[in-house]
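>>> got a sequence here, can you build the structure:
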Amino acid sequence: GWPEGGYPAPQGPFYCGAGNEAVYGRPLAEAHLDACIKAGIQVSGINAEVMPGQWEYQVGPVGPLELGDSVMISRWLLHR
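Below is the predicted model of the structure:
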């Protein structure tokens, strides 16, 4: 959920997601990264996005078949 004060302000101070005051959800993003690594999924990076709490991760570099499997399993781990 969002902070008790309501929804975040429009993009601007959150752009590039740098600093504790602009980034939410780092513990979840890092827990997902750890789960992927333990599962043998090759994750090449994670980063905070424009809005607070919005994260992305990159899978690979791997071949196309392994990529599809890795993305599906990484999503399953995320929702688990």
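
>>> low-confidence stretches in the protein?
Across the chain, the stretches falling below the confidence threshold (pLDDT under 70) are 1, 9-22.

>>> all the helices of it, residue numbers only.
If DSSP state H is used as the criterion, the helices of the chain fall at 26-38, 64-79.

>>> what does the longest one rub up against?
I take that to be helix 64-79. For helix 64-79, the surrounding residues in contact (CB atoms under 8 Å, 6 or more residues apart in numbering) are 32, 35-36, 39, 41-43, 57, 59-60, 62. In short, each C-beta sits where N, CA and C put it, glycine included.

>>> out of these, which are buried?
For the contacts of helix 64-79, a burial check counting by 16 or more other CB atoms under 10 Å picks out 32, 35-36, 41, 43, 57, 59.

>>> which of those sit farthest apart?
Looking at these by CB to CB, the two members farthest from one another are 35 and 59, with 13.0 Å of separation.

>>> re the thing from before, wait, which of the helices of the chain is closest to residue 4?
Nearest to residue 4, of all these, is helix 26-38, at 18.5 Å by CB to CB.
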